[in-house]
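Chemist: Sequence plus the predicted model coming up.
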Amino acid sequence: MVVVLAYSIYTFAIITFCLSFSVLQKGIRKDRINQLCFLVTLFSGWWSLFFGMVLVQSDPDRAAQMRTLGQIGTFGLLICITHMLAYFSGVQGKMKTWVIGFAWLGVPLYPFTVQKDNLVFEMTSYGMSYRMSNGWWSGLYTLYCVIIPLNLLLLVIYMLRKSIRKRERILAYNLIISIVIVALGSVLDTVMPMLGIAAFPGSTLGQFVGVLAIFQTYLYYKKFQMNLENMSQFVYYSVDEPVFLFDEAERLCIVNNGATVFLQMSAEECCKLRMNEIFELNRDVFRFRGVKNRVEARCIQNHNICSISIDKIYDDYKDIIGYIVIVHDITERVHMMEKLDQERQRADKANEAKGTFLANMSHEIRTPINVVMGMNEMIIRECEDDSIVEYAHNIQDASRTLLALVNDILDFSKIESGMLEVVEEAYSLKAMLRALEKECRMRAEDKGLNFQFVVPEDTPNVLLGDEVRVRQVLLNILTNAIKYTMKGSVTMTLSYEKKNNKEIQLTFAVADTGIGIKEEHIGRLFDKFDRVDEEQVHAIEGTGLGLNIVNRLLSLMHGTIEVRSKYGEGSTFTVSLPQHIIEDRPIGVLHEESGKHEERKKYVPQFVAPDARVLVVDDNKVNLTVVKGLLRKTQMHIDCVMSGKECLEAVKWEQYHVILLDYMMPEMDGAETLQKLKEMPNNKSMDAAVIVLTANAMSGMKEMYLEQGFDAYLSKPIEGTALEQLLMEYIPEQYIVKSSEKSSDL
Ligand code: ADP
């Protein structure tokens with residue numbers, strides 16, 4: 001009986017030591033609950049071991065020594081169980097201090113409970129046992145042994161009250177059972193000896209079963225404890241993206257739910273596949289430098305396009321133990337991108353079509369105006385009848401207005417479609433202002449207005465900017481000023497401020513004594529198609545586009561415009577514009593005979609060159625007549641042909657000094673003709689300057705023509721004076737006899 005009992009108790013000890021060892025294996029360094037469970041099982045084993053030894057002793061002194069050691073386990077266990085339950089319950093404050101503090105009272109109590117004088121050892125039928133003599137310490141010990149389970153119950157009740165989850169309630173019920181078992185066991189050998197009955201090692205049995213129950217509770221608690229390790233497992237399973245884990249031999253071992261859904265296979269079926277059986281990839285996809293590789297491939301099973309990231313997993317010794325493959329299905333994105341690309345291409349085509357339409361429109365409208373203006377110019381030059389010349393001047397004015405209108409509409413649509421660009425080049429401010437003055441003076445003086453340009457003589461002359469657009473802005477404002485002024489004057493005053501050696505801010509103030517603008521209308525001036533004060537201006541031609549274009553051009557050139565006006569008295573439009581200085585040479589006197597009324601003079605050619613040869617190429621017969629007519633008085637020898645092909649033929653036989661080449665021609669256009677001219681081995685006119693004539697006046701075109709290899713560019717409708725000036729530049733000097741000496745400004 002004694003031996004059986006003793007060995008049973010040793011078995012308890014071994015079991016609980018094993019449990020404490022298993023907790024130790026899990027690691028107790030940073031895990032409080034593991035530490036407590038380790039101590040609980042350790043003290044439980046300790047208790048069982050030494051109380052088991054008490055049983056088999058025949059010598060009371062040896063038995064007392066064993067009990068002394070065993071009692072360490074008893075107190076240790078009770079203190080640690082209290083800590084463990086306090087931890088489970090999450091109790092804080094006074095209650096925690098009380099239960100923990102009370103449990104630690106066991107430490108000062110321990111010496112009294114092991115004093116040999118207080119114990120009587122005797123042999124019983126179940127081995128060596130003992131009784132305690134009555135005394136105050138035994139009363140205290142009894143109280144301790146009763147209050148500890150009550151404290152533990154207190155903690156569990158607290159836990160039950162606080163619990164909100166089912167698992168916390170189950171945990172609490174498990175603990176109640178454990179406490180009851182421990183308490184019942186201790187009755188046998190703690191309370192019985194106090195009643196004078198020999199102690200049966202029932203508490204050893206009780207604490208063992210109780211500790212088993214507590215260990216079970218501990219495992220249950222651990223299962224639900226959210227730590228990083230099992231959290232990451234949840235992450236792995238819960239991500240929707242397919243995740244594949246391959247071992248170092250590149251065999252698929254684990255897949256998540258996302259992968260089974262993606263491949264439409266069970267996890268077992270998935271795991272039979274190799275990487276190159278899942279994706280259209282080479283076998284060596286896992287052989288890459290570094291830790292991470294990203295590839296794109298189509299899935300063989302479902303034909304989806306995937307972005308695949310492959311990460312190497314290393315062990316502590318930096319050897320590869322496997323690969324983690326995360327797959328992003330990008331099929332939809334790829335399709336969307338393709339669709340967007342198609343849309344963009346379609347939009348680009350539409351935009352291109354719009355551009356071509358604008359270029360064609362520009363060409364189609366300018367060609368007939370060219371004819372009208374050219375023919376008209378010839379009437380002015382050649383007609384002797386003054387009244388007919390006067391009619392022709394009227395046609396000239398109307399044609400110019402019509403041309404300006406067409407230009408406005410074309411510019412407006414270019415701006416609207418974002419196709420208008422500012423092209424900066426060096427230009428002579430003086431030449432620009434002189435041309436502008438000439439153009440406006442005639443109109444102003446025809447109306448009997450006093451017209452004046454005030455330009456400081458020290459203004460730097462050679463600037464960098466978009467001359468065409470600056471001129472267009474000023475012309476628009478000056479034309480308006482002349483249009484809306486019935487009597488009085490129109491004056492343009494230039495002032496400037498140098499920001500540094502390279503930059504200058506030009507300010508043009510155009511003041512008139514015209515109809516003026518009502519204050520409430522000033523804000524609307526720059527709206528498109530808006531003609532303010534309709535009843536006043538309806539008799540004056542206009543579209544309401546001019547100022548809108550001016551404003552947009554200025555903002556493209558980083559300029560500003562301001563308006564000041566007094567209704568009935570006049571207006572001042574002030575344009576401020578930054579430009580770059582190329583040369584600081586002062587502009588000087590703008591017009592030597594400035595301010596004088598320039599009569600419409602009889603035409604005199606700027607030069608004559610009887611030995612110069614010019615070839616004109618245009619598919620429009622009337623245009624040829626116009627150019628020929630415009631140049632008649634220069635006495636040059638002019639040949640005309642009507643296609644690129646004929647041009648190539650002509651240069652085989654004749655050495656021309658200049659070729660005027662139309663750009664838009666059927667079959668072979670200007671660019672192609674030029675190319676062929678340059679490649680021809682038997683071209684006698686290899687040294688001839690090729691000037692492109694075009695009705696396509698879109699901005700940026702000039703650069704395109706020069707880039708294509710043309711020497712110069714002349715926009716239709718061709719102006720007789722401009723044409724002569726250009727020819728003078730390109731015909732070799734020895735052929736030219738100038739009719740009057742004029743200084744060039746640039
Ligand atoms: P429009 O083709 O009608 O001249 P603009 O856009 O150039 O179009 O001008 C818009 C309106 O601004 C004109 O219709 C006119 O009412 C007013 N306006 C412009 N300049 C002047 C000015 N110098 N004096 C009085 N009114 C002007």
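Modeler: Yep, that arrived.
Chemist: ok, and the closest non-adjacent residue to Thr513?
Modeler: Gly488 (3.0 Å; C-beta to C-beta, 6 or more residues apart in numbering). Any C-beta I mention is one placed from the backbone N, CA and C, and that applies to glycine too.
Chemist: Could I get the contacting residues of that neighbour?
Modeler: Counting by C-beta atoms under 8 Å, 6 or more residues apart in numbering, Gly488 touches Leu449, Asn450, Asp512, Thr513, Gly514, Gly570.
Chemist: From Gly544, how far out is the third one?
Modeler: Same thing as Asp512. The gap separating Asp512 from Gly544 is 18 Å, by C-beta to C-beta, to the nearest Å.
Chemist: what do you get for the last one?
Modeler: Gly570 sits 21 Å away from Gly544 when distances are taken as C-beta to C-beta.
Chemist: what do you get for the fourth one?
Modeler: In this structure, Thr513 lies at 23 Å from Gly544, with C-beta to C-beta as the measure.
Chemist: one step back: who wins for neighbours among the contacts of Gly488?
Modeler: Asp512 (27 neighbours; other C-beta atoms under 10 Å).
Chemist: now it, which residues is it bridged with?
Modeler: Val490 (DSSP bridges).
Chemist: isn't it right up against Met486?
Modeler: No: the criterion here is C-beta atoms under 8 Å, and Asp512 misses it with Met486 at 10.1 Å.
Chemist: Within the sheet, what are the partner strands of the lengthiest strand in the chain, with directions?
Modeler: Using DSSP state E, we find that the single longest strand of the chain is strand 570-586. Sheet pairing for strand 570-586, assigned by DSSP bridges, gives strand 460-465 (antiparallel), strand 503-512 (antiparallel), strand 560-566 (antiparallel).
Chemist: What are the buried residues along it?
Modeler: Neighbour-count burial for strand 570-586, counted by 16 or more other C-beta atoms under 10 Å, picks out Gly570, Ser571, Thr572, Phe573, Thr574, Val575, Ser576, Leu577, Gln579, Ile581, Ile582.
Chemist: Save these as CSV, and put in distance to Lys318 and pLDDT too.
Modeler: Shown next, in CSV, are the buried residues of strand 570-586 (distance: C-beta to C-beta, whole Å; pLDDT from 0 to 100):
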residue, distance to Lys318, pLDDT
Gly570, 88, 94
Ser571, 83, 95
Thr572, 81, 96
Phe573, 77, 96
Thr574, 75, 96
Val575, 72, 96
Ser576, 69, 96
Leu577, 68, 95
Gln579, 66, 95
Ile581, 66, 93
Ile582, 66, 91
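Chemist: Determine which two of the residues you listed are furthest apart.
Modeler: Gly570 and Ile582 (35.6 Å; C-beta to C-beta).
Chemist: how near is Asn370 to Gly355?
Modeler: Distance from Asn370 to Gly355, by C-beta to C-beta: 22 Å.
Chemist: who has more neighbours, those two?
Modeler: Asn370 (23 against 14).
Chemist: Which secondary structure element is home to the more buried one?
Modeler: In the assignment (DSSP states H and E), Asn370 maps to helix 331-382.
Chemist: Helix 331-382 and the very next helix or strand once past that helix, what's the angle between them?
Modeler: Downstream of helix 331-382, the next assigned helix or strand under DSSP H and E is helix 386-416. Between helix 386-416 and helix 331-382, the angle comes out at 170 degrees (axes from the mean of the first three to the mean of the last three C-alpha atoms, to 10 degrees).
Chemist: thinking again about what came up before, now render the strands paired with strand 570-586 as TSV, adding distance to Trp47 and mean pLDDT.
Modeler: TSV is the format used below for those (distance: least, C-beta to C-beta, whole Å; pLDDT from 0 to 100):
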stretch	distance to Trp47	mean pLDDT
strand 460-465	100	92
strand 503-512	96	95
strand 560-566	96	94
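Chemist: Which one of the ones you listed lies nearest to Ile177?
Modeler: Among the strands paired with strand 570-586, strand 560-566 sits nearest to Ile177 (C-beta to C-beta), with 89.3 Å.
Chemist: is any part of the closest one close to the ligand?
Modeler: No: using C-beta under 6 Å from any ligand atom, strand 560-566 never reaches the ligand; the gap is at least 6.7 Å.
Chemist: contacts for that strand?
Modeler: Contacts to strand 560-566, defined as C-beta under 8 Å, 6+ apart, come from residues 516-517, 519, 522, 525-526, 550-551, 554, 571-577.
Chemist: The ligand contacts on the stretch 351-500 of the chain?
Modeler: So the stretch 351-500 of the chain meets the ligand at Asn480, Ala481, Tyr484 (C-beta under 6 Å from any ligand atom).
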